[in-house]
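>>> need coordinates for the following:
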Amino acid sequence: DRAALAAAAAAAAGADLVFPTGVYRIDRALSLPAGVNCVFANGAILRPGRGATVTISGTVAAGYFRIFDISGGGTVVLARHHEFNPFWWGATGDGSTDDTAALQAALDAAVAGNLGGTVVLPIGVFVTTGITVHSRTNLVGSGVGGKGQGTQLRLKNRADSNVITMAADNSGPTASHHWSLLSNFTIDGNLANNTIGNGIYLEGYIGENCTLDRIQITSCAENGVYVLGGSVPCNWRDIHVFANGGAGVKLERQRGFGWDSTVLNMISGDDNATALLHFRNIGSGPIVLAGVKAESNTAGKQQNAIL
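Presented below is the predicted three-dimensional model:
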């Protein structure tokens, strides 16, 4: 269908290019230019084959349904988009389907070409074996809540993985992660069905403007948040961590960088196995704590507010 779509896009310059229901197979590179608004009906799917890249430089209009199928080894690049909907790659948020591939495809699309962008998660429960968030990428949910409320990322049974890994830009002693935001969702580590894994994990140095904001993390086999590295000034706020197998938040330094001017603002939690906050070999700091609340705990749990 490549030739037909290229011709239709040329004819639709400055207007809508409507994709009726059907599968559109692309065997080699296709560029849909700026000025063309691609409008997808429910059931219309672009399917690039192995090695084929579809680049959409205009806008995309679609609902919460699948419009891209990259299972055959192709790629879709949204060159001018700033917000990315994982449903476009096949996410369901139904609490049972493994949404890992769709979530990761949206996250990868957001950082394609080093542009960066925001992946927006609607209300639902997104089951995953673990996803990777790159620098210059925001992952934003639609609310924090209890069972059946808001946006939840839930670790799949026997995944034994970190729910979110914040990937470093490089490797070695200066590995770092920059300019990202995780906000407004719940992480459920599914402790009953996993033996290892943190809610949010970063092995490296936290660079400028890496923010955690309004996040709830529960039932992880290890820690709610675990960072092996240090940071330049960063501000984490409104994080609730409870019933995790290790600490609620664990900050540790295993490289040359220390934790410099780090602010933990409104951190609360209970029933974490070791401590609400665990600091290990962190260097000179300073780490500023502004509003830490260790709530009531079940007997035998969270013996330390700060360790």
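>>> helices or strands next to the helix or strand bottoming out on mean pLDDT in the chain in the packing?
The weakest-scoring helix or strand in the chain, judged by mean pLDDT, DSSP states H and E, is strand 205-206 (a mean of 73). Judged by 3 or more CB pairs under 8 Å, 6 or more residues apart in numbering; DSSP states H and E, strand 205-206 is in contact with strand 176-177. For every residue, glycine as well, the C-beta is placed using N, CA and C.
>>> starting from the next helix or strand after the strand it packs on, tell me which strands it pairs with and how they run.
Toward the C-terminus, strand 176-177 is succeeded by strand 180-188 as the next helix or strand (DSSP states H and E). Paired neighbours of strand 180-188 in the sheet (DSSP bridges): strand 137-140 (parallel), strand 151-155 (parallel), strand 210-218 (parallel).
>>> show me what the shortest one is in contact with.
When contacts are defined by CB atoms under 8 Å, 6 or more residues apart in numbering, strand 137-140 is touched by residues 107, 110-111, 116-121, 133, 164, 180-185.
>>> change it to 6 Å
In this structure, residues lying in contact with strand 137-140 by CB atoms under 6 Å, 6 or more residues apart in numbering are 110-111, 116, 118-120, 133, 180-184.
>>> who's residue 200 bridged to?
With DSSP bridges as the rule, residue 200 is bridged to residue 164, residue 225.
>>> show the pLDDT at it.
According to the prediction, residue 200 has pLDDT 96.
>>> I'd say it and residue 164 touch.
Yes - Residue 200 lies in contact with residue 164 (CB atoms under 6 Å); the separation is 4.9 Å.
>>> excluding its backbone neighbours, what's nearest residue 85?
residue 120 (6.4 Å; CB to CB, 6 or more residues apart in numbering).
>>> among the contacts of strand 137-140, which two are most distant?
111 and 184 (19.9 Å; CB to CB).
>>> which of the contacts of strand 137-140 sits closest to residue 18?
residue 120 (23.8 Å).
>>> okay, and the beta partners of that closest one?
Beta-bridge partners for residue 120, by DSSP bridges, are residue 140.
>>> that one - how many residues pack around it?
18 (other CB atoms under 10 Å).
>>> any idea how far it lies from residue 70?
Going from residue 120 to residue 70 by CB to CB, to the nearest Å gives 19 Å.
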